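Chemist: what would the 3D arrangement of this be:
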Amino acid sequence: MAHHPLDDASRDRSDEAPGFTCLRVTAAGEARITVSGELDLATAPELDDALRTAQRSAAAVTLDMSRLRFIDVRGLRVVLAAAARARELGARFLVVRGPPAVTRVFELTATDVAVEFAMCGERDRRSSRARR
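Modeler: So this is what the prediction gives:
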């Protein structure tokens, strides 16, 4: 896969935000962003930049949160904003669930219905039922 200059903007910046990694891979009109560590006030802008860049260049974006250990309200807002942008653009934004502590933040704030979740490459049935 060819290196793209924007990829550098979404790569691990461990000197700026210890414990957080944001990697972006784009191929055939689809982008996959994988985050790990802690998504919080300090690291949310990095994910926001990566998601905005991916959504400008790809018709479908998948955010993989399976390696995320923690998410706060600022991180949640970034994910919800990306979902709203995708709806406005008529694009696809899919989120791979994080561990129980991360998923619980979406459930406690009743925002789990605002995001299309997937598990193992398949759409999460609960989220699709909630939108009906």
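
Chemist: just the buried positions in the lengthiest helix in the chain, please.
Modeler: When the chain is parsed with DSSP state H, its longest helix is helix 73-89. For helix 73-89, the neighbour count (16 or more other C-beta atoms under 10 Å) marks Arg74, Gly75, Leu76, Val78, Val79, Ala82, Ala83, Arg85, Ala86 as buried. The way it works is simple: take the backbone N, C-alpha and C, and place the C-beta from them, glycine included.

Chemist: restrict the one helix or strand Leu94 maps to to CA atoms and write it as PDB.
Modeler: Here Leu94, judged by DSSP states H and E, is contained in strand 92-96. Taking C-alpha atoms only, strand 92-96 is exported to PDB below (Å, rounded to 0.1, in the frame of the first residue of the first chain):
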ATOM      1  CA  ARG A  92     -21.100   4.600   6.100                       C
ATOM      2  CA  PHE A  93     -19.500   4.900   9.600                       C
ATOM      3  CA  LEU A  94     -19.200   1.600  11.400                       C
ATOM      4  CA  VAL A  95     -17.800   1.100  14.900                       C
ATOM      5  CA  VAL A  96     -16.200  -2.100  16.200                       C
END
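
Chemist: that one: what's the following helix or strand?
Modeler: As assigned by DSSP H and E, the chain's next helix or strand after strand 92-96 is helix 100-108.

Chemist: same for the helix or strand following that following helix, what does it pack against?
Modeler: Per DSSP H and E, helix 100-108 leads on to strand 116-119 as the next helix or strand towards the C-terminus. Under the contact criterion of 3 or more C-beta pairs under 8 Å, 6 or more residues apart in numbering; DSSP states H and E, strand 116-119 touches strand 92-96, helix 125-130.

Chemist: so how far is strand 116-119 from its chain's centroid?
Modeler: Strand 116-119 has its C-alpha centroid displaced from the chain centroid by 11 Å (C-alpha atoms, centre = their mean, to the nearest Å).

Chemist: adjacent strands (with direction) for it?
Modeler: Paired neighbours of strand 116-119 in the sheet (DSSP bridges): strand 92-96 (parallel), strand 122-123 (antiparallel).

Chemist: average pLDDT for the last one?
Modeler: Think strand 122-123. Average pLDDT, strand 122-123: 41.
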